[in-house]
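> pasting the structure only:
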């Protein structure tokens, strides 16, 4: 079984899209980065952890499929 790659995606209103900011095979590591970004003032609704295969194509695809925040 292949390991899943976890990516912290951030919604950037100026670009009107989700962009990958950080990734790791360990979800806890990615969650720590999410917590740090929240402490720095990034809105919770603008951060998501998504999982995919570890290729750049897969990461870009999963980020593009996240709906815009409300």
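Alright, I've got the coordinates. Model, not experiment: these values are computed from the prediction.

> other SSEs contacting the longest helix belonging to the chain?
The residue-count maximum for a helix in the chain (DSSP state H) belongs to helix 27-39. Contacts defined by 3 or more CB pairs under 8 Å, 6 or more residues apart in numbering; DSSP states H and E place helix 27-39 against strand 5-12, strand 17-24, strand 47-52. For the C-beta atoms, the positions are set from N, CA and C on the backbone; glycine is no exception.

> can you state the direction angle for it and strand 47-52?
160 degrees (axes from the mean of the first three to the mean of the last three CA atoms, to 10 degrees).

> List the buried residues of helix 27-39.
Residues of helix 27-39 classed as buried under the neighbour-count rule (16 or more other CB atoms under 10 Å) are 30, 33, 34, 37.

> for this structure, which spans come out with low pLDDT?
1 (pLDDT under 70).

> related to what we said a few turns ago, who touches the longest helix of the chain?
By CB atoms under 8 Å, 6 or more residues apart in numbering, the surrounding residues in contact with helix 27-39 are 6, 7, 8, 10, 21, 22, 23, 24, 44, 47, 49, 51.

> Now do the contacts for residue 56.
Contacts of residue 56 (CB under 8 Å, 6+ apart): none.

> List the backbone torsions phi and psi for it.
phi -60, psi -40 (degrees, to the nearest 10).

> State the distance from it to residue 7.
To residue 7, residue 56 is 10 Å away according to CB to CB, to the nearest Å.

> Tell me which residues touch residue 13, please.
Residue 13 neighbours (CB under 8 Å, 6+ apart): residue 46.

> can you put the buried residues of helix 27-39 in TSV and add distance to residue 68?
Listed next are the buried residues of helix 27-39 as TSV, based on distance: CB to CB, whole Å:
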residue	distance to residue 68
30	21
33	22
34	19
37	18
